[in-house]
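S.K.: mind folding the following:
(2 chains)
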Amino acid sequence: GQQLNQSPQSMFIQEGEDVSMNCTSSSIFNTWLWYKQDPGEGPVLLIALYKAGELTSNGRLTAQFGITRKDSFLNISASIPSDVGIYFCAGRDNAGNMLTFGGGTRLMVKP
Amino acid sequence: NAGVTQTPKFRILKIGQSMTLQCAQDMNHNYMYWYRQDPGMGLKLIYYSVGAGITDKGEVPNGYNVSRSTTEDFPLRLELAAPSQTSVYFCASSFPGPSTGNTIYFGEGSWLTVV
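M.R.: Numbers count the residues shown, from 1 in each chain, chains lettered A, B, ... in the order given. You can find the predicted model right below:
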């Protein structure tokens, strides 16, 4: 099956720092999604990407769909304590409707 | 503004018991999904449905059953609970189409412990 490698697995940063995380896949995707999961909650969609090269922002968050269509990154600028949570990438290929999820990046922010 | 609603939120089961996790969505989405999330891990697809009357296995279907008699509801059944089924279960739904890109929306999760 498809493999999605998400890195880093965890990050512990100081408030105000910028954060970068990425996902790489073993196959080409036509959709990349980034989700955030707060403790005890379900994942919530942050950014959706549908075209290779696409760069999309949502407030302090910016995500890009890699040109090769096998990777995507998510940047968070000027982190704040409420950014704490687990961030998941997810990708969908042309073959079907199913999403493959990365293993998640656990973000911790020190005030 | 309900979106995807799951019940129960928490449940403890004894080995061998059976139960049903309920899921309902009010967004008229064709597609519905059940995922499980083990501690510190990503989401694994159990079953999915592309419309009423149609269900298909996902990545980890063993030990589970689903049905989709209506567009709104997609219950997940555990027939003989095992400790390996201790997990957090997420129901999700989506509406396919170029404008939505088949974005998936999740419920808040159901925490299941099998002892």
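
S.K.: mean confidence score for the helix or strand containing A:Ser72?
M.R.: Assigned by DSSP states H and E, A:Ser72 falls within strand A:71-76. The predicted model gives strand A:71-76 an average pLDDT of 97.

S.K.: partners of it, with directions?
M.R.: strand A:19-25 (antiparallel), strand A:61-65 (antiparallel) (DSSP bridges).

S.K.: list of residues touching the longest one?
M.R.: Same thing as strand A:19-25. Contact with strand A:19-25 is made by A:2-8, A:11, A:13, A:32, A:70-76, A:79, A:83, A:87, A:89, A:91, A:100, A:102, A:105, A:107, as judged by Cβ atoms under 8 Å, 6 or more residues apart in numbering or on different chains. Using the backbone N, CA and C atoms, a C-beta is placed for each residue, glycine as well.

S.K.: of the residues you listed, keep whichever come out buried.
M.R.: Taking 16 or more other Cβ atoms under 10 Å in any protein chain shown as the criterion, what is buried in those is A:4, A:6, A:11, A:32, A:70-74, A:76, A:79, A:83, A:87, A:89, A:91, A:100, A:102, A:105, A:107.

S.K.: distance check, the closest residue in space to A:Asn58 that isn't next to it in sequence against A:Thr31.
M.R.: Excluding the flanking residues, the one nearest A:Asn58 by Cβ to Cβ, 6 or more residues apart in numbering or on different chains is A:Ile47, at 5.2 Å. According to Cβ to Cβ, to the nearest Å, A:Ile47 and A:Thr31 sit 11 Å apart.

S.K.: what does chain B put close to chain A?
M.R.: B:4, B:31, B:40-45, B:48, B:50, B:58-59, B:90, B:92, B:94, B:96, B:101-109 (Cβ under 8 Å from any Cβ of the partner chain).

S.K.: let me know the pLDDT of A:Arg92.
M.R.: 83.

S.K.: that one: how many residues sit nearby?
M.R.: Residues lying near A:Arg92 (other Cβ atoms under 10 Å in any protein chain shown) number 21.

S.K.: pLDDT weak spots in chain A?
M.R.: Where chain A drops to pLDDT under 70, the residues are A:1-3, A:95-97.

S.K.: and the residue of chain B closest to chain A?
M.R.: B:Phe106 (3.7 Å; Cβ to the nearest Cβ).

S.K.: so that residue is in contact with A:Leu33, correct?
M.R.: No - contact criterion Cβ atoms under 8 Å: B:Phe106 and A:Leu33 do not qualify, at 11.2 Å.

S.K.: the helix or strand of chain B with the lowest mean pLDDT: what's the following helix or strand?
M.R.: In chain B, no helix or strand scores lower on mean pLDDT, DSSP states H and E than strand B:104-106, which sits at a mean of 86. Scanning forward in sequence from strand B:104-106 by DSSP H and E, the next helix or strand is strand B:110-114.
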